[in-house]
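J.: just to be clear, the model below is a prediction. Sequence and coordinates:
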Amino acid sequence: QGQLVESGGGLVQATGSLRLSCTASGSIFNINAMGWYRQAPGKQRELVAAISSGGSTNYVDSVKGRFTISRDNAKNTVYLQMNSLKPEDTAVYYCNAGLFGDSGSYYPGDYWGQGTQVTVSS
């Protein structure tokens, strides 16, 4: 059975940095693209960043230039480095295992992590 476990959330001041980690079981990680989503109170869950099994990436416009997604295939782990954080980045962040389509779009799969809270104070 597949499993995704996130870590690295917390409370940080605006302009600060955090790095989120998501470790997946090998059966999930090796064949899937991975994505980070976030959900703020009262808002829909949105895709923040995704990375294909080959390392191609995409980002939502609001985090381009500030966030970097990467993966360590040897550790079955995907990371989200978040710099220059803003209060509007406050949300619960979720890891997902999915697919990259031919157009470069990310399609979420059924496996989700439990979520990790990121709070950015002004």
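T.: Arrived safely, thanks for sending.

J.: let's verify Leu85: helix, strand, or coil?
T.: Secondary structure assignment for Leu85 (DSSP: H, G, I helix; E, B strand; the rest coil): coil.

J.: count of neighbours near it?
T.: Neighbourhood size, Leu85 [other C-beta atoms under 10 Å]: 22. For every residue, glycine as well, the C-beta is placed using N, CA and C.

J.: next one: Phe100
T.: By the measure other C-beta under 10 Å, the count of residues near Phe100 is 21.

J.: then Gly104?
T.: Other residues close to Gly104 by other C-beta under 10 Å number 11.

J.: now it: closest residue in space that isn't a chain neighbour?
T.: Leaving aside its sequence neighbours, Gly104 sits nearest to Asn58 (C-beta to C-beta, 6 or more residues apart in numbering; 6.0 Å).

J.: I'd assumed Ala49 was in contact with that neighbour.
T.: Yes: using C-beta atoms under 8 Å as the test, Asn58 is close enough to Ala49 to be in contact (7.0 Å).

J.: the two: who's more crowded?
T.: A direct count of neighbours by other C-beta under 10 Å for Asn58 and Ala49 places Ala49 higher, at 24 against 18.

J.: beta-bridge partners for Gln81, please?
T.: Beta-bridge pairing of Gln81 under DSSP bridges involves Arg19, Thr68.

J.: isn't it up against Arg66?
T.: No: using C-beta under 8 Å, Gln81 is not in contact with Arg66; the gap is 9.2 Å.
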